[in-house]
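S.K.: Got a sequence here, can you model it:
(2 chains)
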Amino acid sequence: MQIYNTMTRKKEELIPVHPGRINMYACGPTVYNFFHIGNARPFIVFDTLRRYLEYRGYQVTFVQNFTDIDDKMIRRANEEGITVKELGERFIKEYYTDADALGIKRASNNPRATGHIGDIIRLVETLIEKGHAYATPDGDVYFSVRSFPGYGKLSGQSIDDLESGARIDPTEQKRDPLDFALWKAQKPGEPAWESPWGMGRPGWHIECSAMSMSILGETFDIHAGGQDLVFPHHENEIAQSEAATGKPFANYWMHNGYINVNNQKMSKSLNNFFTVRDIAKEFDLEAVRLFMLGAQYRNPVNFSRDLIEQATAALARLRTAQERLAQAQTGAETPEDADFMRELDGYKTAFCAAMDDDLNTADALGVLFDLARACNTFVSEPRGKEAVQAARKLYDELTGVLGLIVQKKEEEFPAQAVDLLEQRQQARAAKDWARADAIRDALKDMGYTVEDTKQGPKLKKL
RNA sequence: GGCGCCAUAGCCAAGCGGUAAGGCAGAGGUCUGCAAAACCUUCACCCCCGGUUCAAUUCCGGGUGGCGCCUCCA
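M.R.: Sure, this is the predicted structure:
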């Protein structure tokens, strides 16, 4: 499989540290609020990568953290009048609600920053010992950027260009404007932990270094996140981690593009963001997932209601094909069955080729729609059991890799609707078309459509 | 100023040297009591100008337009 590596700025063959295993880390949410669909993109994209790697037989350890202590957490907790811990607990729970609805598999491990304070302190101590960090009289600890020669290698920035743009906060006691905080001394009212430098809390960047290395080892395969994390977050992670261990940190760096609204980045200040929770009130979140996978993950995509509606229609097509496969009639085997099964292999190969090419889900989705058409055609008449089952298996596999239509919902309909449907059948049997159509209209008003199929009428939610 | 990304049909979006996947929407048809779904058919001078090449949407140079990072941010 080829993966675009931000570090080298080209696609590279994915070669794991340990054959057959992939250790990957994705930067997760700061749990101070519901997450918006911009946040959702990396969750969905890297979940899909994880699913695909597993499909290809890798044993994957997928770690995604929760940042549950930082400035935003503290500010929000104060606004709400609750503790930072309570705030974190709440939005971790809310995260899972939305993530589950988006078809995101639970990570192998969801470490919390506050659960790794010991690892963080040890890492900071190491950095001080090796001369890469220094404590100030106030009890802050800073990383000395100029002590790490490779600084800037991920973002392609030269240290001197950065220097010219850097500002220094007069309250900070940095030796160099580029230096960043590893440990922050406690301010009144803030949560704090004991450390060799007094009471305080970790800086943002060090959390990810400590969590990833303590779980995945000093060198692991893939580190992923949003494009905006390239600098400074990931650059700083590399500096801290490699300065401490003297070993390469992550071998592949993957970054997803943004979700935009009207071609502008979604952001709080522009007030143009949509939370996943709000979208869920109106749309099936699986459509949001399909929407995200409809573009290559590195490209920016615009978000709009119209696009989610388009995705909803496309998703319905995939679902219909699945239902038709599930209900397909089997019959005598024919030579065409064998041809069709060979055709199935072709779809699988094409799907994998697309995914192998830096997770080209848009292309893979194209293959999936081709497969859906082929299956729809194939099962339009009774077919040999073996071929039908092979089709079902492949269809479920490929949709499963994309995390789409994995949960087959057996819809519950109100008794009244079921009753009307029955009455309509009686009217149709009596060829009372006017009455049948009137009932269909009544059902439509209730929010259901009815489709007459060979297996009888079917209700569907509008 | 430094670093980087993008420009393909009405709307999305792959392809990235050999003459344009797929989805949504639209049009015509098959099926259907009528619909729906499904299936068939149909719908693109690939932002502009140069260059390289037998051949460029695809590579190179220059424009034009849009966006991002350099400050918390997926």
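S.K.: Next, count neighbours for residue A:342.
M.R.: 9 (other Cβ atoms under 10 Å). Using the backbone N, CA and C atoms, a C-beta is placed for each residue, glycine as well.
S.K.: same thing with residue A:341?
M.R.: Around residue A:341 there are 15 residues (other Cβ under 10 Å).
S.K.: For the one helix or strand it maps to, give the mean pLDDT please.
M.R.: If you go by DSSP states H and E, residue A:341 is part of helix A:335-356. Helix A:335-356 comes out with an average pLDDT of 96.
S.K.: name the helices or strands packed onto it?
M.R.: The contact analysis (3 or more Cβ pairs under 8 Å, 6 or more residues apart in numbering; DSSP states H and E) places helix A:335-356 against helix A:361-378, strand A:383-384, helix A:385-401.
S.K.: nearest to RNA strand B, of these?
M.R.: Closest to RNA strand B of the helices and strands packed on helix A:335-356 is helix A:361-378 (Cβ to the nearest atom of the strand; 2.6 Å).
S.K.: Give me the buried positions along the closest one.
M.R.: Neighbour-count burial for helix A:361-378, counted by 16 or more other Cβ atoms under 10 Å, picks out A:361, A:363-365, A:367-368, A:371-372, A:374-375, A:378.
S.K.: Out of those, which are close to RNA strand B?
M.R.: By Cβ under 7 Å from any atom of the strand, the members of the buried residues of helix A:361-378 lying near RNA strand B are A:363, A:365, A:372.
S.K.: Distance check, the first one against residue A:245.
M.R.: Pointing back at residue A:363 there. To residue A:245, residue A:363 is 38 Å away according to Cβ to Cβ, to the nearest Å.
S.K.: repeat for residue A:341
M.R.: Taking Cβ to Cβ, one finds residue A:341 at 51 Å from residue A:245.
S.K.: Residue A:100 now?
M.R.: Remark: distance between residue A:100 and residue A:245 (Cβ to Cβ) = 36 Å.
S.K.: The two: who's more crowded?
M.R.: Neighbours per residue, other Cβ under 10 Å: of residue A:100 and residue A:245, the larger number sits with residue A:245, 17 against 13.
S.K.: my read: that one touches residue A:213, true?
M.R.: Yes - at 7.4 Å, residue A:245 and residue A:213 qualify as touching, with contact defined as Cβ atoms under 8 Å.
S.K.: Contact residues of the stretch 151-300 of chain A facing RNA strand B?
M.R.: So the stretch 151-300 of chain A meets RNA strand B at A:155-158, A:161-162, A:164-167, A:180, A:204, A:225-233, A:256-260, A:263-267, A:294-296, A:299-300 (Cβ under 7 Å from any atom of the strand).
S.K.: Filter those residues down to the buried ones.
M.R.: A:155, A:157, A:162, A:180, A:204, A:225-227, A:229-230, A:232-233, A:256-260, A:265-266, A:294-296.
S.K.: The stretch 51-200 of chain A: helices as residue ranges?
M.R.: For the stretch 51-200 of chain A, the helices defined by DSSP state H, counting those that start in this stretch occupy A:71-80, A:84-101, A:117-129, A:159-165.
S.K.: Find the closest residue to RNA strand B in chain A.
M.R.: residue A:226 (1.5 Å).
S.K.: Distance of residue A:460 relative to residue A:443?
M.R.: 10 Å.
S.K.: Near the nearest residue to residue A:385 once chain neighbours are set aside, how many other residues are there?
M.R.: Sequence neighbours aside, residue A:330 is the residue nearest to residue A:385 in space, at 4.4 Å (criterion: Cβ to Cβ, 6 or more residues apart in numbering). Residue A:330 has 14 neighbours, counted by other Cβ under 10 Å.
S.K.: so what's residue A:330 up against?
M.R.: Contacts for residue A:330 (Cβ atoms under 8 Å, 6 or more residues apart in numbering) come out as A:382-385, A:388.
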